[in-house]
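J.: from the sequence below, what's the structure:
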Amino acid sequence: YHLYYLRLDIPAGALYTIDGEPIEAPVTRRGAEKCKVWDTGLRLTNMPSIAVDDRGEPCFMVPVSAGTPWECEFYFARREGSEWTWQPIARTNHPWSGSLLTRGDGGTMTAHLVVGNADGEPLSYGGGEVEEWVSRDGGSSWSPVRRLVPEPGLLYNNPRPVELVKGSEMNGSLLFYGWEGPESIQPVVRGAPSRNRGKAYLWHDGKWL
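T.: Down below sits the predicted model:
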């Protein structure tokens, strides 16, 4: 539940809110109230993807449930002045749907979202199709660009950047995995050896590798 943002000064080992107010470690639930970006009430959330915009401010893409835990939407959260704002972007069918948020040049931002409209209740670990959305005004408005579906009928999740050996990211590339649902990528069957049914997919400059 909820969305928080905490800054860590790694050399000093000190914790701060976004406004520089010190936070005592270890962080308790009461102490984390100062870091709360969004109180979602009884609506479920999960791990967000995070990027830094052209102003140097953090922004997030986070799934939030609606009427049921399996009716979810991705929201884009950012700071306007001293206030946090959030707006719905795309529907998904599970709170464990993953995303990747990246910043480009000139106020452009790209989000790779695991989307789905079907009932997600039978899904063990979420999953859907990977869809690319782009904003050219710093996140004020978003438009779908394309769907990345290497094999129709599979579930996909966890879009990630491709990291080079020195820690930088490869431009124009995306890595994610797919499998036959609705069970997990490695179902547990009594008396039988476990078998990973998933595949990794690498997308680079419009081609599958």
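J.: OK, contacts around the most centrally placed residue in the chain?
T.: For the chain, Ser99 is the residue whose C-alpha lies nearest the centre (C-alpha atoms, centre = their mean; 3.0 Å). Counting by C-beta atoms under 8 Å, 6 or more residues apart in numbering, Ser99 makes contact with 48-49, 61-63, 74, 111-114, 159. Bear in mind the C-beta positions are built from the backbone N, C-alpha and C, glycine included.
J.: just give me the closest of those to Ser135.
T.: Ala111 (7.8 Å; C-beta to C-beta).
J.: can you confirm that closest one is in a strand?
T.: Yes: counting by DSSP: H, G, I helix; E, B strand; the rest coil, Ala111 falls inside a strand.
J.: wait, doesn't it sit right on Tyr75?
T.: No: using C-beta atoms under 8 Å, Ala111 makes no contact with Tyr75, being 10.9 Å away.
J.: shared neighbours, those two?
T.: By C-beta under 8 Å, 6+ apart, the residues touching both Ala111 and Tyr75 are 61, 89.
J.: quick one: which of those two has more around it?
T.: Counted by other C-beta atoms under 10 Å, Ala111 and Tyr75 do not tie: Ala111 has more neighbours, with 25 against 21.
J.: quick one: the more buried one from His94, how far?
T.: With distances taken as C-beta to C-beta, to the nearest Å, Ala111 is found 17 Å from His94.
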